[in-house]
Structures are given as C-alpha cells and as structure tokens.
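# quick one, fold the following:
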Amino acid sequence: MSTSRNRSRAVLALVVLGTLTVGTGCSASGKKGGSAEPAAQAVAKQSVAIGTAADSTGPDPAVPGAKPGGTVTVLQVSDFSHLDPARVWSSTNQTADLLLTRQLTSYQQVGNTTKLVGDLATDTGSSSDGKTWTYHLKAGLKYEDGSPITAQDVKYGIERTFQKELSGGPQYLQMWLTGKDDYSSVYSGPWSGQDLSAIQTPDAQTIVFHLASVHEDFPFALAMQSYSPVPKDKDTKAAFDQHPFSSGPYRIVSHDVDKGMVLARNPYWDAATDPVRHAYPDQWQFEFGAQEVDINQRLMAANGPDRTAMTFKVSIGADLASQVNGDPSLKARLVNQVTPFSEFFNINTKRVTDVKVRQALLEAFPRQQVRQLFGGPIYGDYTNTILSPVTNGYQDYDLYGVPATGDPDKAKALLAQSSNPHPTIVFAYSEDPVWQQAAVAVSQALDKAGFNVVTKAISSKNYYDETQKVDNQFDVYWGGWGPDWPSASSVIPPLFDGRQITDGGGNNSLFNDAGVNAEIDRIQGLTDLGQQNTAWGALDKKIMQSVPVIPWVDVRQVSLYGPGLGGVHTGFIGTCYPLDVYVK
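Numbers count the residues shown, from 1 in each chain. Coordinates of the predicted model:
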C-alpha cells in the first residue's frame, strides 16, 4: 500500500498492512546496523507467524489492567472516505473498520507477539496445493441484528469487490480467483445476479476458494477488511459506504458525514468467538474537521472529554516534538513505534540507465538533512533495505555503507567511472513548504557530488498523478509503500515487477529486469512460506544491487492520547490500534 501522511493515496497504505508491534527495530541512532554484508547463513526474519486452531479460539487474551465501560473520543482531521469494506484500503479507513467488521482470518496481537489466526474461521485454512483453500466458520457468529453470519455472506462480501461501482479497495482476491488482471472480464459482480463459481459454499459453515494459481500466503490476504461478510439482503449499495452492517464488536449509532460518528457495542458480538478483538469502551465518538495542530493541542491539554481522547493517524510534528519529549507527563502518553511503511526516493530507471549514476545518487543523497526537515528521529528510522523490519522475509543488510549525511566524494568517483561524469538530474517534489526546503537540501548535496540538478515542483494535489506516469520526465522523486499483509509478496512484486509497469501503478522506478521478473514468479510458486520468506529477502538485496530506489526511512507513528486511556499502541495497519484501548 502506498504510504500516507501528507502522503495520501495513491495510498493505501496501507496500507496494508501492516504494523505489527514487534520488539526488534532500530537503535537510538536510527541506523538498523549490521556490516556491509549480512552473514552467509542469514535467515529471513518472520515477524508474524501462522497460529494454530487453538490460537484461533476466543476470547482475545485480556489486556492487563483493562476494564469495560466509558467513552473514547477519536479526533480526526477528516471523515473516513470509505467504510464499505469493499472500498476500504487506506490505513485510517481500515482502522475504523476494525471496530465494525470481521474476516475469515485476522491478527492477534499480544504484547510483542503477532500471529495470523482464524477469526470467523476455525483456523487459518487448509490447502494441499496452494490453490484450493477450505475454511469452516465457527458456531454462534452473529451480526448486529442477531442474524447468523454464514459462508454465503462471506462469498457475497467478496463478490461485491468485483463491482466497478465499489472501486477503491484492494484487488488481490479478484485477480487470484479469476487469473486475470482484468478480472471484470471474467466476473463483474453480484448485483446483476451473477455467481462467482470460483467460490463455493457447500453449506452455511463451509467456504471453498479455487484460485487460478498457487498463493501460499492466501490466508494473509483474507485478513484485509475488504473481504468481510455482507448479507445480500442488507446490501444498500452506495448507502452502505456510510453505514455498513456490522459483523464486528461495534455498530454505527449515528453518522453525520464530515462532522461526527458514534459507535456503540454490537450486543450480539460474542467475545468467546473472537481471538483478536476487545470491546472495552461502551462507545466510540468520532469528531471530524479539526486541523492537526488543534488536535495535538487538545490532546496535550486533555480537558474534559479529551482526557479519554486519541487519534488514529495524527502525528506529533517537529514543532511540538521537543515540548512533548521535554514534559514527562506528556511523554508518558505518547505512542512512538515503527510502522510497516517505508519511504524511499524512486530513481527513474528508464531515464537514469547507468547503474553507476544511480549508485552515485544513493551515495550523495542527504538523507539526514531531509529527515531533519520532517522532524528528525520522530519521523522514521533510517533504512538501507526495501523490506521493512516488520515484514516476513526481512533481512538486515547495508549493501553500500553510505552515511546518512551522504558521501559526495564517493559519488564523484562513481560518476567518473560512468557514462556521464556530470549528468543532469530532475528532482521532482510536492509543492509544499517542507518539501520546498527539502528540494534545496537535495539540490545542494547533489551539486556538491557533480550532478547538475533541476528541481521541479508539482502541486500536492497532482503529485501522485504526475510521478506515477510511465512517461514522466523526472529522474528522482519521493515514494512510499507498506505491505498489505506482512509478506514481501505484497511489496516486491508491485514495486519491482517490470510487467506491472503502468500509469498509476506501484512500480514508480519503472524497473524492469528479466531476471528479477523470473525470480518473482519462482518465489510465488513456492508452497513453503519459510522458503518464500528466505527467497524474498535474497531478492531484496539483488534488486538493490541495481539501485532502483534510494532507501530512506521506516516511518514511525508518533501520536498523543489522553491520560484517561490505556492500551494504546500501534497496530498491524500502522495506525494507533483501537482494539486494546480501554478507559481507566
């Protein structure tokens, strides 16, 4: 998922999934460490394990000190653009739907351990070939009106994602079930009465998926909110986007678009069936429309209802960081955790074809100076890899050993060995005050290394549209991504598969290497996830030998919450996670 902060989506981001609260990460210096070469026997890290059937039974282990009751206020800059699961993909929309929906699988977070477990399903599914997957629903699952959740509802919910009117959500299952990127040519959705034969429901408790090819990480994809159950007789089509029918622990009481929304407990949600969610608060009250600075000031003051207030996404900026960190009472109620989102600078490999020039760009790039403009260490931890530490398959390596301040002398030496010792580079950036300052820092650093730099401002509104064009006329430009589930299969193919180069796509470095494309196919065909993870980690390093991007930071979520709340931390989507929150 593309990332978002002033980063929207294009973003999904995301998003995607996902963070994962993990104990590993970066040192205080922000460098992920390691020598220039990883150990030969390096094994890909697995951040999220697949749980057992026993792990999939409810209830979710209690949060220490938590108790039921009270109201949580959530302060957001804007309303959720979508709540209809079929249209949900951005990280904030996904976070809201955590309270309203359930899926066949989901993520159980207990302390620093995250597992994929059966949610509506009794386990994470069974398959003998990676193509046919069978799930059995738990007994006693109910919607907000007390009616049962059935396998047919899960099928219908997924079929809805094919409707062109319900655009905006992920497209993984649609492509996997049809074997077509243009999946609508095979199936266009259920509203005209069509049935998707690739999903079968032999009874109310059983659902069988027939994929067109092997996808061993299929159970992870099913955890996305877009693949939630929807009963056919409750499908209000366009109106469903503002008031979805709840299968989760809360239901919508009222939704005044762009102003506020109130959620109350779903009285038919049964914690005994749910291994991933708590429903401690009685109510969630959302307020929309404030500016980020006002939200942060309210959370700092924590007056009245704001004592039990939080935000899903609003971060503390550089302007308030020193004040918050300097006040122990504020710092004590600060979420500050790495997310799955990584940010980098794309190098247009169709324009900058010489790998020596691309490596020189990486060597000269002022990563520290640019990060400081966005808040310094609170913005993110320096990275040298494509995959983030919270992604299965991640291996820590530093292929080039470049200091965060850049190395202009080494960059000059590389340019001297290249086809053009003084190349002209067009650096494109979003036309807002911080990026304007960043463009100056980048221009000065690259000039010092021997580049001729042309800076090109793009309106913030059109930034993604312009930089995601295949025929764009830029050489270096910011980008970001987060996995839709904690696997490199939702990072490396969309970013670096040359066959996926398209306007608006994820491969914005326009990287197309036949060897890499073939290795992507080989890895995706493996039926052992451990082997996949190791192979993805190795491919990460192989791709970076060609330098299609300049890795920059693994983003942090740094947010305040009121002193009357407990259980606030980041979640697998990279936002402040609501499912463990309680009122003290």
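# give the buried residues for the one helix or strand residue 534 maps to.
Using DSSP states H and E, residue 534 falls within helix 529-544. Within helix 529-544, the residues that count as buried by 16 or more other C-beta atoms under 10 Å are 529, 532-541, 543-544. Where C-beta positions appear, they are placed from N, C-alpha and C, glycine not excepted.
# I figured residue 219 hits residue 116, correct?
Yes. The pair residue 219 / residue 116 is scored as a contact, 6.2 Å apart, by C-beta atoms under 8 Å.
# overlap in contacts of those two?
50, 105, 124 (C-beta atoms under 8 Å, 6 or more residues apart in numbering).
# show me those that map onto strands.
Assigned to strands by DSSP state E, the following of the shared contacts of residue 219 and residue 116 qualify: 50, 105.
# out of the shared contacts of residue 219 and residue 116, grab the one that's most surrounded.
When neighbours are counted by other C-beta atoms under 10 Å, residue 105 leads the shared contacts of residue 219 and residue 116 with 28 neighbours.
# any idea how far residue 122 is from it?
Distance, residue 105 to residue 122, by C-beta to C-beta, to the nearest Å: 11 Å.
# contacting residues around the helix or strand of the chain with the lowest mean pLDDT?
Confidence across the helices and strands of the chain bottoms out at helix 318-325, with a mean of 85, counting by mean pLDDT, DSSP states H and E. With C-beta under 8 Å, 6+ apart as the test, helix 318-325 has contacts from 293, 296, 300, 316, 330-331, 334, 373-376, 378-379, 558, 560.
# now do the buried residues in the helix or strand following it.
Next helix or strand after helix 318-325 toward the C-terminus (DSSP H and E): helix 328-331. Burial within helix 328-331, assessed by neighbour count using 16+ other C-beta under 10 Å, is assigned to residue 330.
# in terms of secondary structure, what does helix 328-331 contact?
When contacts are defined as 3 or more C-beta pairs under 8 Å, 6 or more residues apart in numbering; DSSP states H and E, helix 328-331 packs onto helix 318-325.
# how far off centre is the helix it packs on?
26 Å (C-alpha atoms, centre = their mean, to the nearest Å).
# ok, residue 280 touching residue 565?
No. Using C-beta under 8 Å as the test, residue 280 is too far from residue 565 to be in contact (10.0 Å).
# got any residues that touch both of these two?
581-583.
# need the shared contacts of residue 219 and residue 116 in a markdown table with pLDDT and distance to residue 99, can you?
What follows is the shared contacts of residue 219 and residue 116, written out as a markdown table (pLDDT from 0 to 100; distance: C-beta to C-beta, whole Å):
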| residue | pLDDT | distance to residue 99 |
| --- | --- | --- |
| 50 | 93 | 25 |
| 105 | 98 | 18 |
| 124 | 98 | 22 |
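# which one of the shared contacts of residue 219 and residue 116 sits closest to residue 367?
residue 50 (35.4 Å; C-beta to C-beta).
# any idea what that closest one is bridged to?
Following DSSP bridges, residue 50 is listed with bridge partners residue 116.
# identify the residues contacting it.
Residue 50 makes contact with 115-116, 124, 219, 529, according to C-beta under 8 Å, 6+ apart.
# returning to what we had before: just the ones in helices from the contacts of helix 318-325, please.
Within the contacts of helix 318-325, residues falling in helices by DSSP state H are 293, 296, 300, 330-331, 373.
# most widely separated two among the contacts of residue 50?
Most distant of those, by C-beta to C-beta, are 115 and 529, 13.5 Å apart.
# can you list the buried residues in the least confident helix or strand of the chain?
So, applying 16+ other C-beta under 10 Å, buried residues of helix 318-325: 320-321, 324.
# need those residues in a markdown table with distance to residue 181, can you?
Shown next, in a markdown table, are these (distance: C-beta to C-beta, whole Å):
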| residue | distance to residue 181 |
| --- | --- |
| 320 | 44 |
| 321 | 43 |
| 324 | 46 |
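# biggest strand in this protein by residues?
When the chain is parsed with DSSP E, its longest strand is strand 334-347.
# and after it, which helix or strand comes next?
Per DSSP H and E, the helix or strand that comes after strand 334-347 is helix 355-364.
# helices or strands up against that following helix?
The contact analysis (3+ C-beta pairs under 8 Å, 6+ apart) places helix 355-364 against helix 408-416, helix 433-449.
# what lies in contact with it?
Residues from elsewhere that reach helix 355-364 (C-beta under 8 Å, 6+ apart): 347, 349, 352, 400, 402, 406-408, 410-412, 414-415, 417-420, 423, 425, 445-446, 448-451, 476, 546-548, 550.
# show me the shared contacts of residue 280 and residue 565 that map onto strands.
Secondary structure from DSSP E places 582-583 of the shared contacts of residue 280 and residue 565 in strands.
# filter the shared contacts of residue 280 and residue 565 to the buried ones?
The neighbour count (16+ other C-beta under 10 Å) marks 581-583 as buried among the shared contacts of residue 280 and residue 565.
# relative to residue 192, which of those is nearest.
residue 581 (41.6 Å).
# who's in contact with the residue nearest to the closest one when sequence neighbours are not counted?
Computed as C-beta to C-beta, 6 or more residues apart in numbering, the closest residue to residue 581 that is not its neighbour in sequence is residue 567, at 4.9 Å. The contact partners of residue 567, by C-beta under 8 Å, 6+ apart, come to 63, 66, 278, 280, 580-582.
# kindly report the same for residue 250.
Residue 250 makes contact with 99-100, 263-266, 269, 279, 284, according to C-beta under 8 Å, 6+ apart.
# where does the prediction get shaky in the protein?
1-46 (pLDDT under 70).
# out of all residues in it, which is the farthest from the middle?
In the chain, counting by C-alpha atoms, centre = their mean, residue 416 sits farthest out from the average C-alpha position, at 39.7 Å.
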